[in-house]
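> build the 3D model from these lines:
(chains A and B)
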Amino acid sequence: MVYRRTWKGGMFVSFASPILFLAAIGIGLVHTVGGVSYLTFLAPGLLAATAMQTAFVETTYPVMAKIQWLRTYDGMLATPLTVRDVLGGEIGWLVIRLATTAFAFFLVMVLFGTVHSLVALLMIPVVVLNGLAFGAPIFAFTATQRKDKGFPTIGRFIITPLFLLGGVFFPIAQLPPIAQGIAWATPLAHSVVLSRSLAIGGMNPSALIDVAVLAAYATLGIIAASITLPRRLVR
Amino acid sequence: MAASATRADALVHARGLTKRFDKLVAVDAMIDFDVQRGEAFGFLGPNGAGKTSTMRMIGCVSSPSGGELRVLGLDPVIDGPRIRARLGVVPQADTLDMELRVDENLLTYARYFDIPRDVARARTQELLEFVQLKDRAKDEVEPLSGGMKRRLTIARALVNEPGLLLLDEPTTGLDPQARHLVWDRLYRLKQQGVTIVLTTHYMDEAEQLCDRLVVMDKAKIVASGSPRSLIDQYSTREVLELRFPIDAAPALDGKLEGVAERVEVLPDRVLLYAHDGEAAASAVHQRGLRPESTLVRRSTLEDVFLRLTGRSLIE
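As a prediction, this is how the structure comes out:
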């Protein structure tokens, strides 16, 4: 209902930002990485990173507003809805949001000729799961916050470094060993390598582990949120 | 507390109700009350007296730390969603959705109650008419005045046709005109048989709306009854208000003794509680006192509160 009033802006961004990014970096750099063009290498990584950023944006300020600034959740909880319903609705909405942005990105990838197989469609569920792996824990964190100071910190120390160094723009193997370890402990790196293999029609040998890591982050995040959100809203 | 009140027909039944937040006791174990069908029941008290905590417990969004509470004959801890389906709630701060238009706020809220769309649409029209917001149906919420937002919140609380309406400080922060409009709508709802529970720190609001009320202070109920009976019990028929020059106050010592049943010296004025205010005024003059102004008025709940707590209601 809310989105009905803001969808035009959302749609424009969903399409425009991948187009700009792919055009700016992918076309400008004509080198190859690991046997594929840089554009083909980059696009799946950007797709995964976009899901991460979408999840970050959707689960910080808007959630804070609904908890505290506008008290939308309080209004909802005065009805037969329970905190569980509210959380379920928010997670469901996040999935829809992630899936639509991922699909828009996918169409742009097709346009740029970086999709080489139908298997590539599987990238969409993978990056949606990646978005949840970031979004659910951040949602749980947001539910514990009284002020919005923590959000830029997450952006500066988690989201941006991962975007720049987490395997999107160059293979993680080029990082120093410690940084490699950190990168592999996060969902993004797993989502990037899996998406990349799917884009060219293959399947990463460690696909099961990648999916397991993503699912673990998402599940733990949802469990954490189902503890922190009731604690915040039902006093 | 009405002696005839039995547990079976009370819409809200509380005994020894308690709410604690860590160490802070918001509502003490002394909270006993029953709300009967069709009445308007008020919680009157200063900020921090425990009114909102009590309302949140009745609204099944906060569970009691102790004591017994039944709402609509059900246990809020077990049947929260079932109870909430039949409640209308107007919270202290409006929780309207600023991204949605006026009518969409009602339609969306109706969805939370599983009300079919066509029913919700018809009811939205009726309710916007009822709260006099029909011409603003397609407008954004943000530019509405405080009074209009309040009325929209009240309309939203009625979307499920509740039998019990909870209002937490319904008119705090509204200008007098907006308040009277809200009071008028609440009065009509009462006429239609809606049971109303409200909190307020406005005496006039409590006197206007409530059939029965409890006075709360420092997490406890300090008195209960109808506005009239509370005034009869804790105050006199009339009050004589005297204002003296600022430096004259110490000279009054003892001079007002016996003029009235009770004398209350406030920082800015002296209140004399007497059955006949005019008689008290002439007695004051006979004693040679020359106040700057004298005013005889009827007792209000403000006087009751002052008597019970030794403090004015709004500091």
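
> name the residues that touch stretch B:217-234?
By Cβ atoms under 8 Å, 6 or more residues apart in numbering or on different chains, the surrounding residues in contact with stretch B:217-234 are B:1, B:25-28, B:30-33, B:45-46, B:49-50, B:206-207, B:210-216, B:299-301, B:303-305, B:307-309. C-beta here means a position set from N, CA and C on the backbone, and glycine is covered the same way.

> quick one, what contacts whichever residue of chain B sits closest to chain A?
For chain B and chain A, the shortest gap (Cβ to the nearest Cβ) falls at B:Thr95, measuring 3.3 Å. Residues counted as contacts of B:Thr95 (Cβ under 8 Å, 6+ apart) are A:Leu70, A:Arg71, A:Thr72, A:Asp74, A:Gly75, A:Ala78, B:Thr153.

> what do you get for A:Leu70?
B:Thr95, B:Leu96, B:Asp97, B:Met98.

> measure it to B:Val102 for me?
According to Cβ to Cβ, to the nearest Å, A:Leu70 stands 16 Å off from B:Val102.

> does the longest helix belonging to chain A come close to chain B?
Longest helix in chain A, counting residues (DSSP state H): helix A:83-111. No - Helix A:83-111 is not in contact with chain B by Cβ under 8 Å from any Cβ of the partner chain; minimum separation 8.7 Å.

> picking up where we left off before, tell me which of the contacts of stretch B:217-234 fall in helices.
Per DSSP H, the contacts of stretch B:217-234 map to helices at B:Ala206, B:Glu207, B:Leu301, B:Asp303, B:Val304, B:Phe305, B:Arg307, B:Leu308, B:Thr309.

> what about the fifth one, how many neighbours?
Neighbourhood size, B:Val304 [other Cβ atoms under 10 Å in any protein chain shown]: 26.

> B:Arg297 pairs with what?
As for beta bridges, B:Arg297 partners with B:Val239 under DSSP bridges.

> wouldn't it be in contact with B:Glu238 here?
Yes - applying Cβ atoms under 8 Å, one finds B:Arg297 in contact with B:Glu238, separated by 6.9 Å.

> for the record, mean pLDDT for the helix or strand just after the longest helix of chain A?
Remark: after helix A:83-111, the chain's next helix or strand is helix A:123-142, criterion DSSP states H and E. Helix A:123-142 shows a mean pLDDT of 97.

> may I have helix A:123-142 as CSV, with CA atoms only?
The C-alpha coordinates for helix A:123-142 follow below in CSV (Å, rounded to 0.1, in the frame of the first residue of the first chain):
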residue,chain,number,x,y,z
MET,A,123,21.1,-15.8,-9.2
ILE,A,124,17.9,-14.1,-8.2
PRO,A,125,17.0,-16.5,-5.3
VAL,A,126,20.7,-16.5,-4.3
VAL,A,127,20.9,-12.7,-4.0
VAL,A,128,17.5,-12.5,-2.3
LEU,A,129,18.9,-14.9,0.3
ASN,A,130,22.0,-12.7,0.5
GLY,A,131,19.8,-9.7,1.1
LEU,A,132,18.1,-11.5,3.9
ALA,A,133,21.4,-12.6,5.3
PHE,A,134,22.2,-8.9,5.8
GLY,A,135,18.7,-7.5,6.3
ALA,A,136,17.5,-9.8,9.0
PRO,A,137,20.4,-9.3,11.4
ILE,A,138,20.4,-5.5,10.7
PHE,A,139,16.6,-5.5,11.4
ALA,A,140,17.3,-7.3,14.7
PHE,A,141,19.9,-4.6,15.5
THR,A,142,17.6,-1.7,14.6
